[in-house]
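[1] Provide a 3D model corresponding to the input given below.
(chains A and B)
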There are 2 protein chains.
Amino acid sequence: MKTFYTAGHTAHVPQEEFEAGRMTPAVEVPARVETVRRRIAERKLGPIVEPTDYGLAPALRVHNSEFVAFLQTAHARWAQDHPGVDAIPSVFAPQITGQRRREVMARDSTSARLGQYCFDTGTPITQGSWSAAAAAVNIALSAAQAVRLGDAAAFALARPPGHHASTTQFGGYCYLNNIAIAAQFLTDTGARCAIIDVDYHHGNGTQEIFYARDDVLFVSLHADPAFAYPVYWGFADEIGRARGEGFNLNLPLPIATNWQGYREALAAASARIRSFSPDILLVSLGLDTFALDPICRFQLQSEDYLRLGATLAELRKPTVFVFEGGYNLEHLAENTVNVLEGFAAA
Amino acid sequence: MKTFYTAGHTAHVPQEEFEAGRMTPAVEVPARVETVRRRIAERKLGPIVEPTDYGLAPALRVHNSEFVAFLQTAHARWAQDHPGVDAIPSVFAPQITGQRRREVMARDSTSARLGQYCFDTGTPITQGSWSAAAAAVNIALSAAQAVRLGDAAAFALARPPGHHASTTQFGGYCYLNNIAIAAQFLTDTGARCAIIDVDYHHGNGTQEIFYARDDVLFVSLHADPAFAYPVYWGFADEIGRARGEGFNLNLPLPIATNWQGYREALAAASARIRSFSPDILLVSLGLDTFALDPICRFQLQSEDYLRLGATLAELRKPTVFVFEGGYNLEHLAENTVNVLEGFAAA
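    Down below sits the predicted model:
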């Protein structure tokens, strides 16, 4: 299995986030990808390949163009007023919609745009965020292209992650939605795509992007938003709308879910994917379901990730793995590679 | 002139706020009111009087009852999960509205409610915030009642401030909208009320509460939201809606506005108030227009506050002053009392 990787991600180095009433050290850090890359090399999982540059067009197939333009320029604009500080919004405007929102956004206020284009205080725009986010998109697209051209599977070792980024908003450590852009890219070539999101957190961005569509299936296993981030999205009654009704399956799980509980949800997810019968499966591969993850509350063990990989392999589809969350730096590489090896061995 | 005051405000002691990408020490602190109280006593401005308790009914005339219930219980609920940390939201959901919002809010998530009921990260709910906010409302109501019963003027020395709090949201150091509750209380007794807001920041909460009404006039002089908090509200084209069209006057002013520029805007505000012909004038008295205010960018001098008081007196209306912002602790008392003495001497 090819792994797509570029050192470009190291341009994105968030320092701190504001969460639960206080500043905490950033957990979505360059060491995450570097430790996984090293283990992939050690385990001789397959070649580690630089991505191809696809330009911005594929990202603009799923994201609003003004939102993308904002991401590109936000740090430079912010830095004029706030030198040396990463851009994080502190004023939000939930009640501004429609024409009024368009008028406000047309005004030249970085603070106002930031609080509209972002939904949390954990996702700083640093000097290197844009270049890293754009590189992560190319990684996901390159992995998708490898599978499209015949590889049985490929791994997009991308960061920053993507699954919380929606059409017009970033958040949850995500700026551009890598997996959604890859799925759209494949869809545009005529492939029927299903996305399964096994990150601890609900992939609200991916859900939003495909919510009214029946051509891309989105299935997510995640911590119940009643107690977990992103708190507003991921409930079981979010089933899609219009043509998309029935093409969005959320499987929220309780605190302390272990492999036994996870396996049952995974079986339900697999059944829905089989009935959808995709040409290609894309996996939002978060490893923050791990028992020792520092910010999450599930109880999966390292050997369970072998089982997760094997279960995904049972779907017998060309598969694009796209890296998402997972913050225990000591075990992240082992757990990630376990999924890929469990998949390859099945 | 009577000053209404209670030591109850000292229960509200925010420590820090998250603003412009970093934590900064709170500026809306108990010393603000205490220094003003001392100077009022020294200058023998008039009696300092404890407020009467009006209960919650007047606040519920302008605020949503579920929002008020949330404010009452938020700290206790938050503290179960986050002991020792003040409640500040870190996830916001601008795009959730209507029926979906009602469903999300019906779920029992303090984090989700916090990010819906609050629009910024500068307004921590501390253990004593509710009791202090409720006391501040009683102060504003007591001052309003004194004027209603014949006093020429009264000063509500209240904190936390109120003018950023809307029907269903808190923010900007404000929880309950003291002046809006007082204006509604007076309106309910048959008095025609005009509110003039001279705080540096736009009084978005007061504006929102009366935006569709023609029975209460709202006029605000403030820093242009194109560069100043609250960034989404306070533009000149916000003129009211439906019956309220023409009864909301925003006078945004540029960086470094001094008395000359301020006086002109004040003349326009006074003209509109005269044409409305209120029975009672209420003043959102912020002193953060001061040249040495640590968080603001106007250039008013201490002697200008005498002129501001005198100009307000020229309207020749029974007047309720309600304390809002102002963060230069060295000069806040002098500037506040200058307004009141300038008013009384005119």
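[2] quick check: A:A194 is in a strand.
    Yes - membership of A:A194 in a strand is supported by DSSP: H, G, I helix; E, B strand; the rest coil.
[3] wait, A:L217 touches A:P278, no?
    Yes - assessed by C-beta atoms under 8 Å, A:L217 is found in contact with A:P278 at 6.6 Å. C-beta coordinates here come from the backbone N, C-alpha and C atoms, glycine included.
[4] okay, and the common contacts of those two?
    A:193-194 (C-beta atoms under 8 Å, 6 or more residues apart in numbering or on different chains).
[5] so which of these two has more stuff around it?
    More neighbours surround A:L217 than the other of A:L217 and A:P278, with 27 against 21 (other C-beta atoms under 10 Å in any protein chain shown).
[6] quick one: residues contacting A:T110.
    For A:T110, the contacting residues are A:74, A:77-78, A:81, A:87, by C-beta under 8 Å, 6+ apart.
[7] so is stretch A:150-165 next to chain B?
    No - residues of stretch A:150-165 are not located near chain B by C-beta under 8 Å from any C-beta of the partner chain, the shortest gap being 10.3 Å.
[8] end-to-end on that stretch?
    29 Å (C-alpha to C-alpha, to the nearest Å).
[9] longest helix in chain A, please.
    Taking DSSP state H as the criterion, chain A has its longest helix at helix A:129-148.
[10] kindly export that one (C-alpha atoms) in CSV.
    Output of helix A:129-148 as CSV, limited to C-alpha atoms (Å, rounded to 0.1, in the frame of the first residue of the first chain):
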residue,chain,number,x,y,z
SER,A,129,-1.7,26.7,8.0
TRP,A,130,-2.8,27.5,4.4
SER,A,131,0.1,25.8,2.7
ALA,A,132,-0.1,22.8,5.0
ALA,A,133,-3.9,22.5,4.4
ALA,A,134,-3.4,22.8,0.7
ALA,A,135,-0.7,20.1,0.8
ALA,A,136,-3.0,17.8,2.8
VAL,A,137,-5.6,18.1,0.1
ASN,A,138,-3.1,17.1,-2.5
ILE,A,139,-2.2,14.1,-0.4
ALA,A,140,-5.8,13.0,-0.2
LEU,A,141,-6.3,13.5,-3.9
SER,A,142,-3.1,11.6,-4.7
ALA,A,143,-4.2,8.7,-2.7
ALA,A,144,-7.6,8.8,-4.4
GLN,A,145,-6.0,8.9,-7.8
ALA,A,146,-3.8,5.9,-6.9
VAL,A,147,-6.9,3.9,-6.1
ARG,A,148,-8.7,5.2,-9.1
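[11] just say helix, strand or coil for A:T167.
    coil.
[12] skip the chain neighbours and tell me the closest residue to it.
    Once flanking residues are discounted, A:T167 sits nearest to A:N64: 5.4 Å by C-beta to C-beta, 6 or more residues apart in numbering or on different chains.
[13] any idea of the pLDDT on that neighbour?
    pLDDT recorded at A:N64 is 96.
[14] helix, strand or coil for the closest residue in space to A:S142 that isn't next to it in sequence?
    Once flanking residues are discounted, A:S142 sits nearest to A:P51: 3.9 Å by C-beta to C-beta, 6+ apart. Classification of A:P51 by three-state DSSP places it in coil.
[15] apart from its neighbours in sequence, what residue is nearest A:G115?
    A:P89 (4.1 Å).
[16] point me to the helix or strand that includes the one you found.
    For A:P89, there is no enclosing helix or strand under DSSP states H and E.
[17] look up how far B:V91 lies from it.
    Look at A:P89 and B:V91: by C-beta to C-beta, to the nearest Å, they are 12 Å apart.
[18] equivalent analysis for A:L315, please.
    33 Å.
[19] again, but for A:A74
    Distance, A:A74 to B:V91, using C-beta to C-beta: 19 Å.
[20] flag every buried residue along the longest helix of chain A.
    By 16 or more other C-beta atoms under 10 Å in any protein chain shown, the buried positions in helix A:129-148 come out as A:129-130, A:132-148.
[21] circling back: can you pull the contacts of the residue nearest to A:G115?
    Applying C-beta under 8 Å, 6+ apart, the residues near A:P89 are A:111, A:114-115, A:118, A:121.
[22] B:E330: which of those is nearest?
    Closest approach to B:E330 among the contacts of A:P89 (C-beta to C-beta): A:S111, at 28.2 Å.
[23] surely A:L282 is in a helix?
    No - applying three-state DSSP, one finds A:L282 to be strand, outside a helix.
[24] I'd say it and A:I179 touch.
    Yes - if you go by C-beta under 8 Å, A:L282 and A:I179 touch, sitting 5.5 Å apart.
[25] re earlier: A:L315 and B:V91: which has the busier surroundings?
    Ranked by neighbour count (other C-beta under 10 Å), A:L315 and B:V91 place B:V91 first, with 21 against 18.
[26] who does that one bridge with?
    Counting by DSSP bridges, B:V91 is bridged to A:D120.
[27] could I get the CA-only coordinates of the longest strand seen in chain A as CSV?
    Longest strand in chain A, counting residues (DSSP state E): strand A:216-223. Extracted in CSV, the C-alpha atoms of strand A:216-223 (Å, rounded to 0.1, in the frame of the first residue of the first chain):
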residue,chain,number,x,y,z
VAL,A,216,-22.1,9.9,-1.9
LEU,A,217,-22.9,7.9,1.2
PHE,A,218,-21.6,9.2,4.6
VAL,A,219,-21.5,6.9,7.6
SER,A,220,-20.0,7.9,10.9
LEU,A,221,-19.2,6.1,14.2
HIS,A,222,-18.4,8.6,16.9
ALA,A,223,-18.8,9.7,20.5
